[in-house]
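**Q** Quick one: sequence and predicted model below, then my questions.
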Amino acid sequence: MEKMNDRKLNEKESLELIAKMIRNTQQKMEEGSGTMFLIWGYATVLVTMLVWILVLYTNDFRYQFCWFLLPITGTIGAIIYKNKLNKKPRVSTYIDRIINYVWIVIGASGFILSMVSILYYTFPILFVIVLIMGIGTTLTGLIVNFRPLAIWGIIGMALSLILTFLDWKMQLPVFAAIFLFMMVIPGHYLNYKAKGSNV
């Protein structure tokens, strides 16, 4: 038995193992990461619309500080979901860790760039945020070999260019609409696929 565990896999066995890991991760992606997309997608849409309404109707730009609600609500939602997920028996694969690393880097980059935008008012933060979130969505779709997710991410990146041509009054609702399309719809689709595959 030890010899079986210690022996090196041949090329065919290695490819089969990688394919199995991708299939397992794709199934878990449909069951789990769809909810993470929904948590962050809805948090972004709701906070964006809150900021837009408050600034638009009061003309008080200090309401921009409401953006800090986004990492707070998103993180709380993610922690609650992760705690619920951890109560179920599950196996974490190398591909799962890669996806986590992708989103840690994307999230940290988004936070740092958001801080930069506070110092430099002309920094195109909404364009940059949509762009890097689109990159994260696309990479996730490619890693788990789930084409619809990759396509939504690419479309999100392309739509980010629209934000560079709009004033702030139009930027915020368009920003929210892009996140609705790029994260909320894929999240619901992933959960729908998981529900269908478990019937």
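**A** That came through fine.
**Q** Tell me the spacing between V184 and I155.
**A** According to Cβ to Cβ, to the nearest Å, V184 and I155 sit 14 Å apart. All C-beta spots, glycine's among them, are computed from the backbone N, C-alpha and C.
**Q** what do you get for S109?
**A** The value you get for S109 to I155, if Cβ to Cβ is used, is 21 Å.
**Q** Check I39 too.
**A** 21 Å.
**Q** Those two: which has the busier surroundings?
**A** Counting neighbours by other Cβ atoms under 10 Å for I39 and for I155 shows that I39 has the greater number, 21 against 16.
**Q** For that one, list the residues it contacts.
**A** 74, 77-78, 81 (Cβ atoms under 8 Å, 6 or more residues apart in numbering).
**Q** which of these lies closest to F68?
**A** Here the nearest of the contacts of I39 to F68, counting by Cβ to Cβ, is G74; it sits at 11.1 Å.
**Q** Please tell me how far that closest one sits from F37.
**A** For G74, the distance to F37 - Cβ to Cβ - is 11 Å.
**Q** Neighbour count: the two, which is higher?
**A** More crowded of G74 and F37, by other Cβ under 10 Å: F37, with 25 against 19.
**Q** Just name the shakiest helix or strand of this protein by mean pLDDT.
**A** Using mean pLDDT, DSSP states H and E, the weakest-scoring helix or strand in the chain turns out to be helix 2-6, at a mean of 46.
**Q** Identify the contacts common to G74 and F37.
**A** Counting by Cβ under 8 Å, 6+ apart, nothing touches both G74 and F37.
**Q** Top of the contacts of I39 by number of neighbours, please.
**A** Going by other Cβ under 10 Å, G74 tops the contacts of I39 with 19 neighbours.
**Q** how about the strand or helix carrying it: buried residues?
**A** If you go by DSSP states H and E, G74 is part of helix 69-86. By neighbour count with 16 or more other Cβ atoms under 10 Å, helix 69-86 contains the buried residues 70-71, 73-74, 77-78.
**Q** Can you convert these into a markdown table and add a column each for distance to V55 and pLDDT?
**A** Listed next are these as a markdown table, based on distance: Cβ to Cβ, whole Å; pLDDT from 0 to 100:
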| residue | distance to V55 | pLDDT |
| --- | --- | --- |
| L70 | 15 | 93 |
| P71 | 19 | 92 |
| T73 | 19 | 94 |
| G74 | 21 | 93 |
| G77 | 24 | 93 |
| A78 | 27 | 89 |
